[in-house]
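# coordinates only, sequence not included:
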C-alpha cells in the first residue's frame, strides 16, 4: 500500500484522511472512494478503486486505533515512524496535521462502536420506466420502478445498490414503508 500512497498527491491524500476522520466522527456516512479515485485518475495518477479502498481501510484502522488508545499527535507519529519505515514523508506530514487538527473529534463511545458494525443509508433515487418491447415480445408496455440506494458499509465505503420492481412489488415495498412510519410515530 505504501507504494500506492506514494502516488497520491499531498492535497488528495489530505482530503482522503479528512473524509476518514469525518466518517469516524460520524459527521459523514462514509468515504467516497469512487469519486476520489476518479479525480485521481483524471489528474493522471494510476490507481484503481480497490487499491484506494485498501488505503482508506488502513487509514481508518490507524485513526480508530489511535483514538481508542488516546494517542497524542507525537505518540502517533513516533509509533508510525518506528513501525512503518516505508510510509512516504508527505503522508506522515498529512497524518500528523490531520490528527493534530481533528483527532480528538473521534469519539469511541460504545454506541459509536455498535453503530459502526452496520451499514448506513446515505441516499435513495428512483425512476419510473416502461419497457416498450423486447426481442421476444413486440409490444410489452410494462411499467417498472428502478430504485438506487446509496449506502455506506461499516468501513465507510460508499456504494450504490440498484434494483427493479414490478408495480405490485413496488406497492408492497411502499406498504411496508408506511407500516414502518406508523410504528415510528408510536415511539
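Here it is on my side, so go on. Fair warning: this is a prediction, and the values are worked out from it, not measured in the lab. Numbering: from 1, shown residues only.

# all strands for the chain, in order.
Assignment of strands within the chain using DSSP state E yields the ranges 120-131, 142-152, 158-166.

# can you tell me which of those is nearest to residue 65?
Each of the strands of the chain was checked against residue 65 via Cβ to Cβ, and the shortest separation belongs to strand 142-152, namely 20.1 Å. Where C-beta positions appear, they are placed from N, C-alpha and C, glycine not excepted.

# now that closest one and strand 158-166, what's the angle there?
Between strand 142-152 and strand 158-166, the angle formed by their directions is 160 degrees, by axes from the mean of the first three to the mean of the last three Cα atoms, to 10 degrees.

# now residue 134. Nearest residue, chain neighbours left out?
Computed as Cβ to Cβ, 6 or more residues apart in numbering, the closest residue to residue 134 that is not its neighbour in sequence is residue 140, at 6.1 Å.

# give me whichever of the strands of the chain is most buried.
Comparing these on average neighbours per residue, with mean count of other Cβ atoms under 10 Å, the densest one is strand 142-152 at a mean of 15.

# isn't residue 102 right up against residue 21?
Yes. With contacts counted by Cβ atoms under 8 Å, residue 102 reaches residue 21, the gap being 4.6 Å.

# phi first, then psi, for the residue nearest to residue 134.
Here the main-chain torsion angles of residue 140 (degrees, to the nearest 10) amount to phi -80, psi -60.
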